[in-house]
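Chemist: compute the structure for the input listed below.
(3 chains)
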Amino acid sequence: MTDSAPQDSTAAETAAAETAPSERGLLARALDSDIFHSFKGSKVTMLAALVTAIYFLGALFAPLIAPYNPFDMASIDLMDSQIPPVWVEGGDPRFLIGTDDQGRDLFSAILYGSRISLIVGFVSVLFAAVLGIGLGLLAGYVGGSVDTVIMRIADVQLTFPAILIALLIDGTVRGLWPGADRSITAFWVMVVSIGLSFWVQYARTVRSSTLVEKNKEYVQAARLIGIPPLAIMIRHVLPNVLGPVLVIATINLALAIILEATLSFLGVGLPPTEPSLGTLIRIGQNFLFSGEWWITIFPGAALAILVLAVNLLGDWLRDALNPKLR
Amino acid sequence: MSEAAVKERVAADRDTLVEVAGLSRVFDVSKPWLNRVIERSERMFLKAVTDVDFTIGRGETFALVGESGSGKSTVAKMVVGLLGATAGDIHIDGIHMTGPVGRSDMRKLRRRIQMIFQDPYASLNPRWRVERIIAEPIHAFGLATSNRDVVKKVGELLEVVGLDPRDGRKFPHEFSGGQRQRICIARSLASKPEFIVCDEPTSALDVSVQAQILNLMSDLQDEFGLTYLFISHDLAVVKHVSSRIGVMYLGRLVEVADTEQLFSAPKHPYTRMLLDAVPDLGMSGRKRTPVSGEIPNPITPPTGCAFHPRCPLAVDRCKAETPKPRDVDGALVACHMA
Amino acid sequence: MTDPLLSVRDLVVEFPTRRGVLTAVDGVSFDIGRGEVLGVVGESGAGKSITGSAIIRLLEPPGRIGGGTVTLDGKRIDTLSDDGIRRIRGKRIGMVFQDPLTSLNPLYRIGRQISETIQTHLDVGASEARRRAISLLEEVGIPAAAARIDAYPHEFSGGMRQRVVIALALAAEPDLVIADEPTTALDVSVQAQIISVLKKLCQERGAAVMLITHDMGVIAETADRVAVMYSGRIVEIGPVQDVIRKPNHPYTKGLMGSIPTLEARHGKLTQIRGSMPRLDSIPPGCPFHPRCEEAFDRCSRERPIPEPVGDSQVACWLHDPATAREEAAS
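Modeler: This next block holds a predicted model:
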């Protein structure tokens, strides 16, 4: 097909193009954009964003907000264990929603636990994203056998469930460094295993976008003046393939948090002295039917709400960015 | 011909800037290895360009005309070095592009060659501001040292193509198709090239915008002494801008002639067919003989002369033997019947 | 025109957006006579495709008809219900779009698609429908139609596919065919073939054609009358000989001058400075006045009303009888 009609965008598309000059700052443009408008139009999304923000801030300022530091062994008194929430008979106003079997204040534990969940979540998503984007760019741009090798590794990767990977890595680490500080090794074990489970999604999406961008004339114009391939990949192609990545990352964050909770629940996560939400749920499970329901229910609810909020945010982001995605 | 002979020819004929000889390009379009083994299918090759020869003089505009599958875009990409040649030689100002060329020689050569593409929407990185886009060649070839110098040069280039220097701060999507093509032209001028390959630069533009761009390109050619290789499917446009024209069909050059001659006395039946297909806008009452058939599949081209299934003059020889280009009245024609 | 087939009066098509209502088509009026070919020509953004889409109510949301009337054979079709307009499409108005790849359903054989259209709109049985389909394919020039009728769209080349689309458009024997850039995606040598097929079939059936295109060459060869659109309005409409050879409106003059032709001499092409205004910044008065060499003060204040000039109608104050009188007086 040699002939193409002059770009005859519909009037709607013409209207949608930015009319204001781009000399205005990034913030001004962002607030005026269609995305922000779609955000303001959906109450559910705004609520989800608010909830996520609350968790964020709570986790960030945990040392300032929490009445106690649940990780500080000195501040815990076994005599305080299994106290119910303050509105139930036998409750103690010192511990708003009760304590767990070790005597830790549940409210503080949830705050600190969310912190761990969010940090592990973010770092592992970051790891997955960097790995996935890098490999996807490489596979898409270089092509040929590099592409084939990376994609087959990706296929194999997908056959391994994250939990299995975590157990494998955990076992290996314990074997290689038996004396290491468990809280640090466990953190990295989780980050690496969660990251390894998720990178493939990024790689595939970035690879297909790269394949499209690679053939566009602006890339050829850069090749023409002799810009080296690595510079083209990072400076030209990368900014144009990042669009879907944000959406994937948001949804992945929710999954990563659940995964971390699962791993902690199974005992592969952080040690019980530094419980994350998953650990708390596990501990509480033992007491569920003997009556101390609060030890599992509150952390469980906290986890569920966080994951739901992040998921909703990711959903909205995907829909809002979709028609704009080239 | 040998390296030395080419250098001699070019030195003697100071006017030749580009020399293309025996240029061919074959693409391997076979199915993946596994499929071939299982299905026992043969390898398949697409001969996009076969045995193309032409020269371009300094300051001249040479046009390559053809429809889809003619290979004209492939030739363009090979001439600028975006695509490798399977066979044949390309010499630009005596330098053998398709042979082993040193890094610094290649860099010097790259500065002198540029390309303007067809799609003004895909030719500019949507995430870069216009001044960064135009400055890229300036930085790549080290043509300016200070930031202020670069900004000044970019501003000058924008003015040369009829835009405002302040437009440099904007993003490509804020411009119309014609304006984007001007930005592309500005970018191509940034390295002060001598030779620009234009791949259907106005095909995606409206007619009135096309006129602006063609006029601009002509002015720039006069001002900067540029040489153009102009690729197009539109014979009327080509008549307007070029001094010599090569007509391509299914990867081969079927006719090469001066513009006047090609239009007044076309020798190859395909050229005549193309001319007949151009609509009669002057309403001169020119009779249009309807064209027959369609372009064949380039993977399984017809034997002998690829045009013979559609040719009113075809005889048995045309089916058996591929005609070689020969001189007929000053034009090069690849036809047994010319 | 007496007893036109299609009559469009003051058609307005608008797009409500966050920043306000954008008017893509602003008061367009024309008639199409039975069996005639009306070309609608203009550059991108002029609103010609949107006019065609509005007539058959296939506007992309949020586009909507904001005013005016569309009358087919004396009856209003712009106010019909969804069901009503569906019955019109295919039966009374056939459509040929630019991209043959998306006009045909890739999952169904072409024979089935054509027969289905015939059976839906005409009262015939399956075997009769198939017979007619084969005969249609032969008419549009598909070789070995009886065998090819059971092929899938992807088994045809671009030009052949567009012929099938033309057959499909004419299958239910409509009175009007709206063709929106029917040859733009095809090779040059094939374009001529397709246009002649379209013209031949429509002439034989007495079907009128609304040929929307940016290619003046196609109009010159095919149309009886032509309407030139600019910024959502018709600036000139008249017999094709007159508009092309002796254009009256400055925009039409500029347009014709900027087209390179085989007959013209080498030299600079006429160029119109600037470009068509965006929908959100259409100037007051005549939308062309900022780019017009012959504009004067009235042009920037009042929107021109179409005036008859010869057999054409021109929307330009230069051709207003009052202006002529002023000039004669000065």
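Chemist: nearest residue to the middle of chain C?
Modeler: C:Ile212 (2.6 Å; C-alpha atoms, centre = their mean).
Chemist: low-confidence ranges in the chain?
Modeler: The chain I'm using is chain A. Residue ranges of chain A with pLDDT under 70: A:1-35, A:321-326.
Chemist: you looked at the wrong chain, it should be chain C
Modeler: Applying pLDDT under 70 to chain C picks out residues C:264-266, C:323-330.
Chemist: for the lengthiest helix in chain A, buried residues please.
Modeler: Using DSSP state H, we find that the single longest helix of chain A is helix A:106-142. Residues A:106-118, A:120-121, A:123-125, A:127-129, A:131-141 are the ones in helix A:106-142 that count as buried (16 or more other C-beta atoms under 10 Å in any protein chain shown). Backbone N, C-alpha and C define where each C-beta goes, glycine included.
Chemist: now do stretch A:70-79
Modeler: Of the residues in stretch A:70-79, A:Pro70, A:Phe71, A:Ile76 count as buried by neighbour count, 16+ other C-beta under 10 Å.
Chemist: cool, and stretch C:140-152?
Modeler: Buried residues in stretch C:140-152 (16+ other C-beta under 10 Å): C:Val140, C:Gly141, C:Ile142, C:Ala145, C:Arg148, C:Ile149, C:Ala151.
Chemist: which two in those residues are spaced the farthest apart?
Modeler: C:Gly141 and C:Ala151 (15.1 Å; C-beta to C-beta).
Chemist: spatially nearest residue to the closest residue to chain B within the stretch 101-250 of chain C (excluding sequence neighbours)?
Modeler: Closest approach between the stretch 101-250 of chain C and chain B, counting by C-beta to the nearest C-beta: C:Gly217, at 2.8 Å. Distances taken as C-beta to C-beta, 6 or more residues apart in numbering or on different chains put B:Pro279 closest to C:Gly217, at 2.8 Å, once the chain neighbours are dropped.
Chemist: quick check, the one you found in a strand?
Modeler: No - B:Pro279 is assigned coil when assessed by DSSP: H, G, I helix; E, B strand; the rest coil, not a strand.
Chemist: surely it is in contact with C:Asp215?
Modeler: Yes - assessed by C-beta atoms under 8 Å, B:Pro279 is found in contact with C:Asp215 at 7.5 Å.
Chemist: could you dump the buried residues of stretch C:140-152 into a markdown table and include distance to chain A and secondary structure?
Modeler: Shown next, in a markdown table, are the buried residues of stretch C:140-152 (distance: C-beta to the nearest C-beta, whole Å; DSSP: H, G, I helix; E, B strand; the rest coil):
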| residue | distance to chain A | secondary structure |
| --- | --- | --- |
| C:Val140 | 20 | coil |
| C:Gly141 | 20 | coil |
| C:Ile142 | 20 | coil |
| C:Ala145 | 25 | helix |
| C:Arg148 | 22 | helix |
| C:Ile149 | 25 | coil |
| C:Ala151 | 21 | coil |
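Chemist: so which of those is the closest to A:Asp100?
Modeler: Scanning the buried residues of stretch C:140-152 for proximity to A:Asp100, where the rule is C-beta to C-beta, the winner is C:Ala151, at 72.1 Å.
Chemist: any figure for the gap between the closest one and C:Pro16?
Modeler: From C:Ala151 over to C:Pro16 the distance is 44 Å, taken as C-beta to C-beta, to the nearest Å.
Chemist: so what's the nearest residue to A:Leu211 once chain neighbours are set aside up against?
Modeler: Leaving aside its chain neighbours, A:Leu211 sits nearest to A:Gly140 (4.9 Å; criterion: C-beta to C-beta, 6+ apart). For A:Gly140, the contacting residues are A:Asp147, A:Val206, A:Arg207, A:Ser208, A:Ser209, A:Thr210, A:Leu211, A:Lys214, by C-beta atoms under 8 Å, 6 or more residues apart in numbering or on different chains.
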